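Asks: need a structure here:
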Amino acid sequence: MVFLRIPKVLNEEQLATVRASLNGDTAPWVDGRITAGFQGAAVKNNRQLDEGSPMARELGNFILSQLERSALFISAVLPNKVYPPMFNRYGEGMHFGTHVDGTVRMIPGSSQKLRTDLSATLFLSAQQDYGGGELVVESDFGSQSAKLAAGDMIVYSSTSRHRVNEVTHGQRLASVFWIQSLIRDDARRAQLFELDGTIQRLTATYADSDSLVRLTAHYHGLLKGWTEI
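Replies: Sure thing, here's the model as predicted:
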């Protein structure tokens with residue numbers, strides 16, 4: 001099961017700007033159930049920024065521009081398509097019960113579809129500003145929980161059962177979205193991530209250049225053979 005923390009997607013200044021928009025009087029918050037499927041709507045209790053609003057598009061594009069600068073995100077996820085980031089808000093007593101994300105999503109404002117290989121939650125509220133609200137991802141081998149620092153992101157397999165625990169006080173703000181990877185299979189994607197990391201570590205130690213070129217060629221050969229576009 002994929003469960004990867006990607007730190008510092010947003011810095012403090014960027015977080016302050018995003019939070020100021022989301023907490024402003026003109027922020028178009030709506031019932032989060034409007035974008036949930038049949039299963040999700042029954043267990044979803046939160047607020048969501050109107051996907052079609054200029055604010056949602058502007059903030060979403062800003063987050064995508066920051067993700068493009070994250071070498072860890074690119075290496076681990078190998079993104080092909082990214083669903084426009086959504087924004088949600090959990091107040092006291094709100095939660096999202098156990099559910100599984102839909103396998104295919106229509107990208108808003110287009111006829112394009114996206115296969116949801118990976119799900120992502122970018123935490124926007126400081127940990128001390130709310131109680132509860134942990135993201136819990138379950139698998140047949142147990143569960144893992146995440147309540148990360150503001151600006152950090154967790155990426156996990158979209159087929160995983162997951163939930164957001166009830167917020168006991170304060171407010172939890174986050175951005176959520178889905179990724180269609182160039183590599184559909186989790187195991188193959190993990191192999192490429194490990195191989196890329198090894199190449200980077202060897203490069204940093206000025207390892208034998210001929211061996212590095214051969215290893216890099218092996219990486220790209222696998223990437224070409226496994227890529228789905």
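
Asks: which parts of stretch 219-229 are buried?
Replies: Within stretch 219-229, the residues that count as buried by 16 or more other Cβ atoms under 10 Å are Tyr219, Leu223, Trp226. C-betas here are computed from N, CA, C, even on glycine.

Asks: hmm, I was thinking of stretch 186-201
Replies: Across stretch 186-201, burial judged by 16+ other Cβ under 10 Å covers Arg188, Arg189, Leu192, Phe193, Leu195, Asp196, Ile199.

Asks: Now do the contacts for the last one.
Replies: For Ile199, the contacting residues are Leu212, Leu215, Thr216, Tyr219, taking Cβ atoms under 8 Å, 6 or more residues apart in numbering as the criterion.

Asks: do you know how far His198 is from Ser211?
Replies: To be clear, residue 198 is Thr; His isn't right here. 11 Å (Cβ to Cβ, to the nearest Å).

Asks: How about Val167?
Replies: Per Cβ to Cβ, Val167 is found 51 Å from Ser211.

Asks: When these two are compared, which one has more neighbours?
Replies: For Val167 versus Ser211, the count of surrounding residues by other Cβ atoms under 10 Å is larger for Val167: 23 against 10.

Asks: didn't the more buried one look like it was pressed against Glu134?
Replies: No - Val167 is beyond contact range of Glu134, at 9.6 Å (criterion: Cβ atoms under 8 Å).

Asks: Pull up the overlap in contacts between these two.
Replies: Listed contacts common to Val167 and Glu134 are nil; contacts here mean Cβ under 8 Å, 6+ apart.

Asks: got a list of contacts for stretch 148-158?
Replies: Contacts of stretch 148-158 (Cβ under 8 Å, 6+ apart): 1-12, 14-15, 73, 76-77, 100-101, 103, 116-127, 135, 137, 146, 162, 178-179, 186.

Asks: pLDDT below threshold where in the chain?
Replies: The model of the chain has pLDDT under 70 over residues 36-41.

Asks: Of the contacts of Ile199, which count as buried by neighbour count?
Replies: Applying 16+ other Cβ under 10 Å to the contacts of Ile199 flags Leu215, Tyr219 as buried.
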